[in-house]
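Trainee: only the shape, not the letters, is given here:
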(Lines give C-alpha, C1' and ligand atoms only; values in the text may rest on other atoms or scores of the structure.)
Protein backbone atom coordinates (compact mmCIF):
# COMPACT_ATOMS: atom_id res chain seq x y z
CA UNK A 1 0.00 0.00 0.00
CA UNK A 2 2.84 2.33 0.93
CA UNK A 3 4.57 1.50 -2.38
CA UNK A 4 1.45 2.27 -4.34
CA UNK A 5 1.00 5.58 -2.53
CA UNK A 6 4.61 6.44 -3.20
CA UNK A 7 4.32 5.56 -6.90
CA UNK A 8 1.13 7.58 -7.14
CA UNK A 9 2.81 10.54 -5.50
CA UNK A 10 5.69 10.27 -8.01
CA UNK A 11 3.14 10.05 -10.82
CA UNK A 12 1.52 13.29 -9.69
CA UNK A 13 4.94 14.93 -9.53
CA UNK A 14 5.65 13.85 -13.11
CA UNK A 15 2.38 15.39 -14.26
CA UNK A 16 2.51 18.65 -12.35
CA UNK A 17 6.25 19.29 -12.62
CA UNK A 18 5.95 19.03 -16.40
CA UNK A 19 8.18 15.99 -17.00
CA UNK A 20 9.35 16.46 -20.57
CA UNK A 21 9.37 12.76 -21.48
CA UNK A 22 5.83 12.28 -20.17
CA UNK A 23 4.43 15.31 -22.00
CA UNK A 24 6.26 14.41 -25.22
CA UNK A 25 4.47 11.05 -25.12
CA UNK A 26 1.12 12.73 -24.43
CA UNK A 27 1.61 15.20 -27.27
CA UNK A 28 2.60 12.46 -29.73
CA UNK A 29 -0.51 10.47 -28.72
CA UNK A 30 -2.74 13.48 -29.26
CA UNK A 31 -1.07 14.32 -32.58
CA UNK A 32 -1.43 10.78 -33.93
CA UNK A 33 -5.05 10.38 -32.83
CA UNK A 34 -6.15 13.84 -33.96
CA UNK A 35 -4.66 13.36 -37.43
CA UNK A 36 -6.23 9.91 -37.63
CA UNK A 37 -9.66 11.28 -36.67
CA UNK A 38 -9.30 14.16 -39.13
CA UNK A 39 -8.51 11.80 -42.03
CA UNK A 40 -11.21 9.35 -40.91
CA UNK A 41 -13.73 12.22 -40.82
CA UNK A 42 -12.81 13.38 -44.32
CA UNK A 43 -13.42 9.83 -45.59
CA UNK A 44 -16.13 8.60 -43.23
CA UNK A 45 -18.54 11.54 -43.07
CA UNK A 46 -19.31 11.86 -46.79
CA UNK A 47 -19.46 8.05 -47.11
CA UNK A 48 -21.86 7.78 -44.17
CA UNK A 49 -24.09 10.60 -45.42
CA UNK A 50 -24.09 9.27 -48.99
CA UNK A 51 -25.11 5.87 -47.68
CA UNK A 52 -27.93 7.54 -45.74
CA UNK A 53 -29.46 9.14 -48.85
CA UNK A 54 -28.49 6.81 -51.70
CA UNK A 55 -30.77 3.97 -52.75
CA UNK A 56 -29.10 1.06 -54.56
CA UNK A 57 -29.13 -2.75 -54.46
CA UNK A 58 -26.87 -3.99 -51.67
CA UNK A 59 -27.22 -0.86 -49.58
CA UNK A 60 -28.50 -2.83 -46.57
CA UNK A 61 -25.55 -5.22 -46.83
CA UNK A 62 -23.16 -2.26 -46.93
CA UNK A 63 -24.75 -0.78 -43.81
CA UNK A 64 -24.50 -4.09 -41.94
CA UNK A 65 -20.87 -4.45 -43.06
CA UNK A 66 -20.04 -0.92 -41.97
CA UNK A 67 -21.63 -1.45 -38.58
CA UNK A 68 -19.70 -4.69 -38.20
CA UNK A 69 -16.44 -2.91 -39.03
CA UNK A 70 -17.01 -0.67 -36.00
CA UNK A 71 -15.90 -3.60 -33.89
CA UNK A 72 -12.74 -4.40 -35.84
CA UNK A 73 -10.17 -6.08 -33.54
CA UNK A 74 -7.25 -3.60 -33.27
CA UNK A 75 -4.56 -6.28 -33.35
CA UNK A 76 -5.97 -7.65 -36.61
CA UNK A 77 -5.97 -4.14 -38.08
CA UNK A 78 -2.40 -3.72 -36.82
CA UNK A 79 -1.39 -6.97 -38.47
CA UNK A 80 -3.03 -6.07 -41.81
CA UNK A 81 -1.52 -2.58 -41.85
CA UNK A 82 1.86 -4.12 -40.88
CA UNK A 83 1.64 -6.50 -43.85
CA UNK A 84 0.72 -3.63 -46.18
CA UNK A 85 3.60 -1.43 -44.96
CA UNK A 86 6.28 -4.10 -44.52
CA UNK A 87 9.13 -4.08 -46.99
CA UNK A 88 7.54 -6.81 -49.14
CA UNK A 89 4.02 -5.35 -48.82
CA UNK A 90 2.23 -3.25 -51.47
CA UNK A 91 2.98 -0.01 -49.61
CA UNK A 92 6.48 -1.02 -48.48
CA UNK A 93 8.14 1.54 -50.76
CA UNK A 94 6.67 4.31 -48.64
CA UNK A 95 8.84 3.16 -45.69
CA UNK A 96 6.19 4.10 -43.18
CA UNK A 97 6.55 1.15 -40.83
CA UNK A 98 7.59 2.10 -37.29
CA UNK A 99 6.77 5.77 -37.85
CA UNK A 100 3.92 7.88 -36.40
CA UNK A 101 2.40 7.90 -39.91
CA UNK A 102 1.97 4.13 -39.78
CA UNK A 103 0.18 4.54 -36.46
CA UNK A 104 -2.06 7.21 -37.97
CA UNK A 105 -2.87 4.86 -40.86
CA UNK A 106 -3.80 2.02 -38.48
CA UNK A 107 -6.01 4.32 -36.44
CA UNK A 108 -7.68 5.67 -39.60
CA UNK A 109 -8.63 2.08 -40.51
CA UNK A 110 -10.09 1.59 -37.02
CA UNK A 111 -11.89 4.91 -36.70
CA UNK A 112 -13.30 5.46 -40.22
CA UNK A 113 -16.06 2.81 -39.89
CA UNK A 114 -17.09 4.29 -36.54
CA UNK A 115 -17.42 7.80 -37.94
CA UNK A 116 -19.08 6.58 -41.15
CA UNK A 117 -21.62 4.42 -39.29
CA UNK A 118 -22.51 7.13 -36.77
CA UNK A 119 -22.74 9.72 -39.56
CA UNK A 120 -25.10 7.44 -41.48
CA UNK A 121 -27.37 7.07 -38.45
CA UNK A 122 -27.50 10.79 -37.75
CA UNK A 123 -27.93 11.95 -41.34
CA UNK A 124 -30.49 9.28 -42.21
CA UNK A 125 -32.90 10.67 -39.61
CA UNK A 126 -32.32 14.20 -40.87
CA UNK A 127 -32.66 13.08 -44.50
CA UNK A 128 -36.11 11.65 -43.76
CA UNK A 129 -37.18 14.97 -42.30
CA UNK A 130 -35.70 17.05 -45.13
CA UNK A 131 -36.44 14.69 -48.02
CA UNK A 132 -39.56 16.27 -49.55
CA UNK A 133 -38.46 19.82 -48.84
CA UNK A 134 -35.06 19.35 -50.47
CA UNK A 135 -36.60 17.62 -53.48
CA UNK A 136 -39.04 20.50 -53.73
CA UNK A 137 -36.11 22.92 -53.73
CA UNK A 138 -34.50 20.92 -56.53
CA UNK A 139 -31.74 19.39 -54.42
CA UNK A 140 -30.85 15.89 -55.64
CA UNK A 141 -30.08 13.04 -53.23
CA UNK A 142 -26.30 13.32 -53.62
CA UNK A 143 -26.37 17.13 -53.57
CA UNK A 144 -28.12 16.88 -50.22
CA UNK A 145 -25.02 15.28 -48.62
CA UNK A 146 -23.25 18.58 -47.75
CA UNK A 147 -26.58 20.07 -46.57
CA UNK A 148 -27.17 17.14 -44.24
CA UNK A 149 -23.58 17.13 -42.96
CA UNK A 150 -23.76 20.83 -42.16
CA UNK A 151 -27.16 20.69 -40.52
CA UNK A 152 -26.20 17.64 -38.44
CA UNK A 153 -22.95 19.28 -37.33
CA UNK A 154 -23.68 19.20 -33.60
CA UNK A 155 -24.47 15.51 -33.62
CA UNK A 156 -21.50 14.82 -35.89
CA UNK A 157 -19.09 16.32 -33.37
CA UNK A 158 -20.27 13.50 -31.12
CA UNK A 159 -19.26 11.02 -33.83
CA UNK A 160 -15.83 12.65 -34.07
CA UNK A 161 -15.34 12.50 -30.32
CA UNK A 162 -16.41 8.86 -30.25
CA UNK A 163 -13.81 8.16 -32.94
CA UNK A 164 -11.18 10.11 -31.03
CA UNK A 165 -11.98 8.16 -27.85
CA UNK A 166 -11.44 4.91 -29.69
CA UNK A 167 -8.19 6.13 -31.29
CA UNK A 168 -6.51 7.58 -28.21
CA UNK A 169 -7.24 4.48 -26.09
CA UNK A 170 -6.08 2.03 -28.75
CA UNK A 171 -2.96 -0.06 -28.11
CA UNK A 172 -2.96 -3.27 -30.19
CA UNK A 173 -2.63 -1.78 -33.67
CA UNK A 174 -0.22 1.04 -32.87
CA UNK A 175 2.20 -1.21 -31.00
CA UNK A 176 2.42 -3.54 -34.03
CA UNK A 177 2.92 -0.87 -36.71
CA UNK A 178 4.67 1.70 -34.51
CA UNK A 179 7.00 -0.63 -32.67
CA UNK A 180 6.86 1.43 -29.45
CA UNK A 181 10.21 3.11 -30.22
CA UNK A 182 11.33 5.55 -27.54
CA UNK A 183 10.98 9.22 -28.59
CA UNK A 184 9.64 8.14 -31.99
CA UNK A 185 6.48 6.05 -31.77
CA UNK A 186 5.91 5.66 -28.06
CA UNK A 187 2.38 6.80 -27.19
CA UNK A 188 0.47 6.74 -23.92
CA UNK A 189 -1.10 3.30 -24.21
CA UNK A 190 2.03 1.53 -25.44
CA UNK A 191 4.17 3.25 -22.79
CA UNK A 192 1.77 2.20 -20.02
CA UNK A 193 2.02 -1.42 -21.21
CA UNK A 194 5.83 -1.27 -21.41
CA UNK A 195 6.52 0.65 -18.19
CA UNK A 196 4.15 -1.57 -16.19
CA UNK A 197 6.01 -4.66 -17.39
CA UNK A 198 9.30 -2.97 -16.37
CA UNK A 199 7.93 -2.06 -12.94
CA UNK A 200 8.12 1.69 -13.58
CA UNK A 201 4.69 2.31 -12.16
CA UNK A 202 5.05 6.06 -11.63
CA UNK A 203 5.25 6.87 -15.38
CA UNK A 204 2.57 4.29 -16.18
CA UNK A 205 0.27 5.74 -13.51
CA UNK A 206 0.87 9.30 -14.65
CA UNK A 207 0.05 8.43 -18.25
CA UNK A 208 -2.93 6.36 -17.08
CA UNK A 209 -4.29 9.32 -15.14
CA UNK A 210 -3.91 11.62 -18.16
CA UNK A 211 -5.53 9.02 -20.43
CA UNK A 212 -8.47 8.67 -18.05
CA UNK A 213 -8.69 12.47 -17.86
CA UNK A 214 -8.86 12.65 -21.65
CA UNK A 215 -11.45 9.85 -21.78
CA UNK A 216 -13.59 11.59 -19.14
CA UNK A 217 -13.30 14.93 -20.94
CA UNK A 218 -14.22 13.37 -24.28
CA UNK A 219 -17.19 11.54 -22.76
CA UNK A 220 -18.34 14.68 -20.98
CA UNK A 221 -18.24 16.55 -24.29
CA UNK A 222 -20.10 13.71 -26.05
CA UNK A 223 -22.79 13.73 -23.33
CA UNK A 224 -23.15 17.50 -23.41
CA UNK A 225 -23.36 17.61 -27.19
CA UNK A 226 -25.77 14.64 -27.33
CA UNK A 227 -28.00 16.34 -24.79
CA UNK A 228 -27.85 19.56 -26.75
CA UNK A 229 -28.69 17.77 -30.01
CA UNK A 230 -31.54 15.93 -28.28
CA UNK A 231 -32.96 19.16 -26.85
CA UNK A 232 -32.61 20.78 -30.25
CA UNK A 233 -34.50 17.87 -31.78
CA UNK A 234 -37.23 17.97 -29.12
CA UNK A 235 -37.62 21.72 -29.41
CA UNK A 236 -38.17 21.44 -33.12
CA UNK A 237 -40.16 18.23 -33.20
CA UNK B 1 -40.83 37.42 -57.26
CA UNK B 2 -41.70 38.45 -60.73
CA UNK B 3 -41.62 42.19 -61.10
CA UNK B 4 -44.62 42.59 -63.33
CA UNK B 5 -48.05 41.11 -63.02
CA UNK B 6 -48.16 38.59 -65.78
CA UNK B 7 -51.22 38.34 -67.95
CA UNK B 8 -50.13 34.86 -68.95
CA UNK B 9 -50.74 32.56 -66.02
CA UNK B 10 -49.29 29.10 -65.72
CA UNK B 11 -51.67 26.37 -66.79
CA UNK B 12 -51.50 23.15 -64.78
CA UNK B 13 -53.40 20.15 -66.08
CA UNK B 14 -53.93 16.73 -64.60
CA UNK B 15 -55.24 14.05 -66.98
CA UNK B 16 -56.34 10.53 -66.07
CA UNK B 17 -54.41 10.93 -62.84
CA UNK B 18 -54.48 7.89 -60.59
CA UNK B 19 -52.48 7.11 -57.45
CA UNK B 20 -52.85 3.69 -55.87
CA UNK B 21 -51.37 2.07 -52.82
CA UNK B 22 -51.82 -1.56 -51.76
CA UNK B 23 -54.50 -2.03 -54.40
CA UNK B 24 -56.50 0.93 -53.11
CA UNK B 25 -57.10 3.97 -55.27
CA UNK B 26 -56.16 7.05 -53.27
CA UNK B 27 -56.53 9.59 -56.05
CA UNK B 28 -58.57 9.41 -59.23
CA UNK B 29 -58.78 12.60 -61.24
CA UNK B 30 -59.90 12.16 -64.86
CA UNK B 31 -59.25 15.82 -65.71
CA UNK B 32 -58.42 18.97 -63.83
CA UNK B 33 -57.37 22.22 -65.45
CA UNK B 34 -56.00 25.01 -63.28
CA UNK B 35 -55.60 28.06 -65.46
CA UNK B 36 -57.47 30.85 -63.70
CA UNK B 37 -55.66 34.08 -62.83
CA UNK B 38 -56.35 34.10 -59.07
CA UNK B 39 -55.68 31.65 -56.24
CA UNK B 40 -57.04 28.14 -56.58
CA UNK B 41 -58.08 26.58 -53.29
CA UNK B 42 -58.43 22.83 -52.98
CA UNK B 43 -61.03 22.11 -50.38
CA UNK B 44 -62.18 18.88 -48.78
CA UNK B 45 -62.17 16.76 -45.65
CA UNK B 46 -59.11 14.94 -44.28
CA UNK B 47 -58.09 12.00 -46.45
CA UNK B 48 -59.87 13.32 -49.52
CA UNK B 49 -56.61 13.38 -51.50
CA UNK B 50 -55.93 17.14 -51.43
CA UNK B 51 -52.29 16.88 -50.37
CA UNK B 52 -51.73 13.92 -52.68
CA UNK B 53 -53.03 15.93 -55.62
CA UNK B 54 -50.76 18.84 -54.67
CA UNK B 55 -47.73 16.53 -54.50
CA UNK B 56 -48.60 15.12 -57.92
CA UNK B 57 -48.87 18.65 -59.33
CA UNK B 58 -45.40 19.40 -57.90
CA UNK B 59 -43.88 16.14 -59.11
CA UNK B 60 -43.10 14.85 -55.64
CA UNK B 61 -45.27 11.81 -56.28
CA UNK B 62 -45.29 9.98 -59.57
CA UNK B 63 -48.85 8.80 -60.30
CA UNK B 64 -49.50 5.18 -61.21
CA UNK B 65 -51.46 6.39 -64.21
CA UNK B 66 -51.97 9.64 -66.05
CA UNK B 67 -49.86 12.73 -66.12
CA UNK B 68 -49.50 16.31 -65.05
CA UNK B 69 -48.69 18.90 -67.65
CA UNK B 70 -47.63 22.48 -67.25
CA UNK B 71 -48.26 24.87 -70.12
CA UNK B 72 -48.90 21.96 -72.43
CA UNK B 73 -45.89 19.78 -71.73
CA UNK B 74 -45.31 16.96 -69.26
CA UNK B 75 -44.05 18.09 -65.88
CA UNK B 76 -40.24 18.11 -66.12
CA UNK B 77 -37.33 19.40 -64.06
CA UNK B 78 -37.58 22.81 -65.74
CA UNK B 79 -41.24 23.11 -64.70
CA UNK B 80 -40.42 21.94 -61.19
CA UNK B 81 -37.76 24.65 -60.94
CA UNK B 82 -40.51 27.18 -61.70
CA UNK B 83 -42.67 25.85 -58.90
CA UNK B 84 -42.25 26.09 -55.14
CA UNK B 85 -44.06 24.26 -52.41
CA UNK B 86 -44.79 25.04 -48.78
CA UNK B 87 -45.68 22.13 -46.54
CA UNK B 88 -48.18 21.83 -43.72
CA UNK B 89 -45.32 21.44 -41.22
CA UNK B 90 -42.62 23.89 -42.31
CA UNK B 91 -39.31 22.08 -42.76
CA UNK B 92 -36.63 24.61 -41.92
CA UNK B 93 -32.92 23.97 -42.12
CA UNK B 94 -31.07 23.91 -38.82
CA UNK B 95 -29.59 27.29 -39.54
CA UNK B 96 -30.40 30.92 -38.93
CA UNK B 97 -33.43 32.60 -40.50
CA UNK B 98 -31.21 34.45 -42.98
CA UNK B 99 -29.24 31.29 -43.81
CA UNK B 100 -32.47 29.51 -44.77
CA UNK B 101 -33.14 32.20 -47.35
CA UNK B 102 -29.50 32.41 -48.36
CA UNK B 103 -29.53 28.66 -49.09
CA UNK B 104 -32.06 28.95 -51.93
CA UNK B 105 -30.67 32.22 -53.27
CA UNK B 106 -27.17 30.75 -53.41
CA UNK B 107 -28.49 27.69 -55.23
CA UNK B 108 -29.93 30.05 -57.84
CA UNK B 109 -26.50 31.58 -58.35
CA UNK B 110 -27.38 34.99 -56.88
CA UNK B 111 -24.23 36.95 -55.96
CA UNK B 112 -23.37 37.84 -52.36
CA UNK B 113 -24.38 41.52 -52.53
CA UNK B 114 -27.70 40.78 -54.19
CA UNK B 115 -28.33 37.93 -51.77
CA UNK B 116 -27.86 40.25 -48.81
CA UNK B 117 -30.21 42.83 -50.34
CA UNK B 118 -32.81 40.23 -51.26
CA UNK B 119 -32.74 38.64 -47.78
CA UNK B 120 -33.45 42.04 -46.19
CA UNK B 121 -36.34 42.58 -48.66
CA UNK B 122 -37.80 39.13 -48.02
CA UNK B 123 -37.56 39.44 -44.24
CA UNK B 124 -39.40 42.76 -44.53
CA UNK B 125 -42.14 41.16 -46.65
CA UNK B 126 -42.65 38.46 -44.05
CA UNK B 127 -42.45 40.69 -40.98
CA UNK B 128 -39.33 38.91 -39.80
CA UNK B 129 -37.03 41.92 -39.60
CA UNK B 130 -34.71 41.66 -36.63
CA UNK B 131 -34.84 37.87 -36.63
CA UNK B 132 -32.30 37.23 -39.38
CA UNK B 133 -29.67 35.81 -37.01
CA UNK B 134 -32.09 33.84 -34.88
CA UNK B 135 -32.14 30.07 -35.26
CA UNK B 136 -34.92 29.25 -37.73
CA UNK B 137 -35.94 26.30 -35.61
CA UNK B 138 -36.65 28.52 -32.63
CA UNK B 139 -39.29 30.58 -34.45
CA UNK B 140 -42.95 30.34 -33.45
CA UNK B 141 -45.30 28.30 -35.67
CA UNK B 142 -46.55 31.35 -37.55
CA UNK B 143 -43.08 32.81 -38.01
CA UNK B 144 -41.73 29.47 -39.18
CA UNK B 145 -44.48 29.15 -41.78
CA UNK B 146 -43.86 32.72 -42.94
CA UNK B 147 -40.18 31.93 -43.34
CA UNK B 148 -41.08 28.78 -45.31
CA UNK B 149 -43.23 30.91 -47.64
CA UNK B 150 -40.50 33.54 -47.99
CA UNK B 151 -38.01 30.80 -48.84
CA UNK B 152 -40.40 29.48 -51.47
CA UNK B 153 -40.87 32.99 -52.87
CA UNK B 154 -37.08 33.46 -52.93
CA UNK B 155 -37.12 30.84 -55.68
CA UNK B 156 -39.03 33.36 -57.80
CA UNK B 157 -41.67 30.75 -58.66
CA UNK B 158 -44.36 30.99 -61.30
CA UNK B 159 -46.50 28.63 -59.23
CA UNK B 160 -46.65 28.43 -55.46
CA UNK B 161 -48.23 25.31 -54.00
CA UNK B 162 -49.24 25.47 -50.35
CA UNK B 163 -50.37 22.47 -48.34
CA UNK B 164 -52.58 23.65 -45.48
CA UNK B 165 -50.06 26.28 -44.39
CA UNK B 166 -52.33 27.70 -41.69
CA UNK B 167 -53.86 24.52 -40.28
CA UNK B 168 -51.98 24.82 -36.98
CA UNK B 169 -52.03 28.59 -36.65
CA UNK B 170 -54.13 31.08 -34.69
CA UNK B 171 -56.26 33.69 -36.51
CA UNK B 172 -53.59 36.41 -36.28
CA UNK B 173 -50.87 34.24 -37.75
CA UNK B 174 -53.32 32.92 -40.37
CA UNK B 175 -54.15 36.47 -41.43
CA UNK B 176 -50.47 37.29 -41.96
CA UNK B 177 -49.99 34.19 -44.11
CA UNK B 178 -53.12 34.99 -46.13
CA UNK B 179 -51.83 38.52 -46.77
CA UNK B 180 -48.53 37.10 -48.03
CA UNK B 181 -50.36 34.69 -50.30
CA UNK B 182 -52.59 37.41 -51.75
CA UNK B 183 -49.58 39.72 -52.26
CA UNK B 184 -47.79 36.99 -54.15
CA UNK B 185 -50.91 36.30 -56.22
CA UNK B 186 -51.21 39.99 -57.12
CA UNK B 187 -47.61 39.95 -58.27
CA UNK B 188 -48.48 37.20 -60.73
CA UNK B 189 -47.55 34.06 -58.84
CA UNK B 190 -50.02 31.23 -59.56
CA UNK B 191 -51.33 30.06 -56.18
CA UNK B 192 -52.63 26.55 -55.57
CA UNK B 193 -53.46 26.06 -51.92
CA UNK B 194 -54.93 23.17 -49.98
CA UNK B 195 -57.18 23.95 -47.05
CA UNK B 196 -60.08 22.51 -45.14
CA UNK B 197 -61.06 25.94 -43.87
CA UNK B 198 -64.16 27.11 -45.75
CA UNK B 199 -63.73 30.66 -44.45
CA UNK B 200 -60.21 30.76 -45.87
CA UNK B 201 -61.53 29.61 -49.22
CA UNK B 202 -64.09 32.43 -49.15
CA UNK B 203 -61.36 34.98 -48.32
CA UNK B 204 -58.77 33.86 -50.83
CA UNK B 205 -60.12 31.73 -53.62
CA UNK B 206 -60.69 32.75 -57.17
CA UNK B 207 -61.64 29.17 -58.02
CA UNK B 208 -62.29 26.18 -55.79
CA UNK B 209 -61.58 22.50 -56.31
CA UNK B 210 -63.77 20.40 -54.05
CA UNK B 211 -62.48 16.92 -53.26
CA UNK B 212 -63.90 13.87 -51.61
CA UNK B 213 -62.53 10.32 -51.29
CA UNK B 214 -59.77 10.90 -53.82
CA UNK B 215 -62.06 12.43 -56.44
CA UNK B 216 -62.63 15.97 -57.64
CA UNK B 217 -66.34 16.38 -57.06
CA UNK B 218 -66.56 19.95 -58.22
CA UNK B 219 -64.36 22.66 -59.70
CA UNK B 220 -65.46 26.13 -60.55
CA UNK B 221 -65.40 29.81 -59.66
CA UNK B 222 -65.25 30.33 -55.90
CA UNK B 223 -68.48 32.29 -55.75
CA UNK B 224 -70.39 29.57 -57.53
CA UNK B 225 -68.89 26.58 -55.68
CA UNK B 226 -69.10 28.20 -52.26
CA UNK B 227 -72.57 29.68 -52.57
CA UNK B 228 -74.38 27.41 -55.01
CA UNK B 229 -72.57 24.10 -55.13
CA UNK B 230 -73.73 21.70 -57.78
CA UNK B 231 -72.95 18.45 -56.06
CA UNK B 232 -74.41 16.91 -52.93
CA UNK B 233 -70.89 16.24 -51.53
CA UNK B 234 -69.97 19.93 -51.83
CA UNK B 235 -73.28 21.00 -50.31
CA UNK B 236 -72.81 18.70 -47.33
CA UNK B 237 -69.19 19.77 -46.79
CA UNK B 238 -70.03 23.46 -46.98
CA UNK B 239 -72.98 22.94 -44.66
CA UNK B 240 -70.57 21.46 -42.13
CA UNK B 241 -71.87 17.91 -42.48
CA UNK B 242 -69.65 15.01 -41.49
CA UNK B 243 -68.09 13.64 -44.65
CA UNK B 244 -65.58 10.80 -44.76
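Mentor: In hand now; what should we look at? Keep in mind it's a predicted model, so treat the numbers as computed, not measured.
Trainee: got any ranges where the chain has weak pLDDT?
Mentor: In the absence of a named chain, this looks at chain A. A:1-2, A:229-237 (pLDDT under 70).
Trainee: please refer instead to chain B.
Mentor: Ranges of chain B meeting pLDDT under 70: B:1-9, B:241-244.
Trainee: how about the residues of it that lie near chain A?
Mentor: Residues of chain B lying close to chain A (CB under 8 Å from any CB of the partner chain) are B:55, B:58, B:60, B:77, B:80-81, B:84-85, B:87, B:91-95, B:103-104, B:107, B:137-138, B:155. For the C-beta atoms, the positions are set from N, CA and C on the backbone; glycine is no exception.
Trainee: hmm, try it at 7 Å
Mentor: Residues of chain B found near chain A (CB under 7 Å from any CB of the partner chain) are B:58, B:60, B:80-81, B:85, B:87, B:91, B:93-95, B:104, B:137.
Trainee: with secondary structure and neighbour count as extra columns, can I get these in CSV?
Mentor: Output for the residues of chain B next to chain A, formatted as CSV (DSSP: H, G, I helix; E, B strand; the rest coil; neighbours: other CB atoms under 10 Å in any protein chain shown):
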residue, secondary structure, neighbour count
B:58, helix, 23
B:60, coil, 19
B:80, helix, 20
B:81, helix, 15
B:85, strand, 26
B:87, coil, 21
B:91, coil, 19
B:93, coil, 22
B:94, coil, 23
B:95, coil, 18
B:104, helix, 23
B:137, helix, 19
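Trainee: from these, pick the one nearest residue A:90.
Mentor: Lowest distance from residue A:90 to the residues of chain B next to chain A (CB to CB) belongs to residue B:94, with 42.9 Å.
Trainee: and residue 181, which of the three is it?
Mentor: The chain I'm using is chain A. Of the three states, residue A:181 takes coil according to DSSP: H, G, I helix; E, B strand; the rest coil.
Trainee: to clarify, I was referring to chain B.
Mentor: For residue B:181, the assignment made with three-state DSSP gives helix.
Trainee: neighbours around it, how many?
Mentor: For residue B:181, the count of nearby residues is 23 (other CB atoms under 10 Å in any protein chain shown).
Trainee: would you agree it is in contact with residue B:203?
Mentor: No - look at residue B:181 against residue B:203 with CB atoms under 7 Å: they stay out of range, at 9.8 Å.
Trainee: how about the residues of chain A near chain B?
Mentor: Neighbours of chain B within chain A, by CB under 7 Å from any CB: A:129-130, A:132-133, A:135-138, A:151, A:235-236.
Trainee: which strands or helices does the one helix or strand residue A:149 maps to pack on?
Mentor: Using DSSP states H and E, residue A:149 sits within helix A:144-151. Contacts defined by 3 or more CB pairs under 7 Å, 6 or more residues apart in numbering or on different chains; DSSP states H and E place helix A:144-151 against helix A:20-53, helix A:100-136.
Trainee: okay if I get the residues of chain A next to chain B as CSV plus neighbour count?
Mentor: CSV is the format used below for the residues of chain A next to chain B (neighbours: other CB atoms under 10 Å in any protein chain shown):
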residue, neighbour count
A:129, 17
A:130, 22
A:132, 17
A:133, 21
A:135, 17
A:136, 22
A:137, 24
A:138, 16
A:151, 21
A:235, 10
A:236, 16
